[in-house]
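> Give me the fold of what follows.
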Amino acid sequence: MKEQLRKKFLKTRKDRYFILDKKKRNFISNKLKQICRNNKIKKLGFYYPTNYEIDILSVLFKIKNIDLYLPVIKKKNDMSFKLHKVQEPLFVNRFGILEPNKENKTEKPQIILVPVVAFDKNKNRLGYGKGFYDRFLNKSNYKKNILSIGIAFSFQQIKNIPLEKHDKRLDYILTEKSIIN
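You can find the predicted model right below:
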């Protein structure tokens, strides 16, 4: 069931992809700034957009006084977050995704922006099926609470995401039109 949904929504996202106009970028930016301000966030984890995900880079690089961290996939498919400075080069990992230098400082971000294939009104997310974010959030929340924000286009919403016991519900879903919290 999940695999069929994943295929359908990856195709839909590719077919319906669009670059955010200034109004939509500002909406996302303002919501992110508000959440960061309200939660006194200094460390934000994000994803480097690929495969027709929402490109939020221009939004993130405008947020002041926050360190940005990108995921790095380690052996055994564990994930950690490494500090990323805008001017630094990125490296392609074994999945074809850009990562910062593995030597950069590792931190647990206070907020993680999570890519989404599909989502529902209950803040459940369908990802790519490898479980990187679910594992990271499930492990990290035992030690330190991390806010998770799914970033998606509004057309990626469906009625219900089929759940499995390891799936991690997100704290927010942020689209170009609305926020679910």
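
> Show me what the residue most central in space within the chain bridges to in the sheet.
Centroid-nearest residue in the chain: V114, 1.7 Å away (criterion: Cα atoms, centre = their mean). Note on V114: beta-bridge partners G150, judged by DSSP bridges.

> didn't it look like it was pressed against R125?
Yes: contact criterion Cβ atoms under 8 Å: V114 and R125 qualify, at 6.6 Å. To be clear about C-beta, it is placed using only N, CA and C from the backbone, and glycine gets the same treatment.

> shared neighbours, those two?
Y133, G150, L170 (Cβ atoms under 8 Å, 6 or more residues apart in numbering).

> Quick one: the residues you listed as JSON lines, columns for distance to Y69, neighbour count and pLDDT too.
What follows is the shared contacts of V114 and R125, written out as JSON lines (distance: Cβ to Cβ, whole Å; neighbours: other Cβ atoms under 10 Å; pLDDT from 0 to 100):
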{"residue": "Y133", "distance to Y69": "14", "neighbour count": "23", "pLDDT": "89"}
{"residue": "G150", "distance to Y69": "17", "neighbour count": "27", "pLDDT": "97"}
{"residue": "L170", "distance to Y69": "18", "neighbour count": "23", "pLDDT": "95"}
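
> and these as CSV, adding distance to K74?
Converted to CSV, the shared contacts of V114 and R125 look like this (distance: Cβ to Cβ, whole Å):
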residue, distance to K74
Y133, 14
G150, 23
L170, 23
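
> By average pLDDT, which secondary structure element in this protein comes out worst?
Lowest on mean pLDDT, DSSP states H and E among the helices and strands of the chain sits helix 132-143, with a mean of 75.

> ok, the lengthiest strand in the chain: who's next to it in the sheet?
Across the chain, the longest stretch assigned as strand under DSSP state E is strand 67-73. Partners of strand 67-73 in the sheet, by DSSP bridges, are strand 43-45 (parallel), strand 79-83 (antiparallel).

> OK, contacts around F91?
Contacts of F91 (Cβ under 8 Å, 6+ apart): L98, E99, P100, N101, K102.

> Who wins on neighbours among those?
Highest neighbour count within the contacts of F91, by other Cβ atoms under 10 Å: P100, with 22 neighbours.

> neighbouring contacts of the helix ranked longest in the chain?
Determined from DSSP state H, the single longest helix within the chain is helix 22-38. By Cβ under 8 Å, 6+ apart, the surrounding residues in contact with helix 22-38 are 20, 41, 44, 54, 56, 58-60, 62-63, 66, 111, 113, 147, 149, 151, 172, 174, 176-177, 179.
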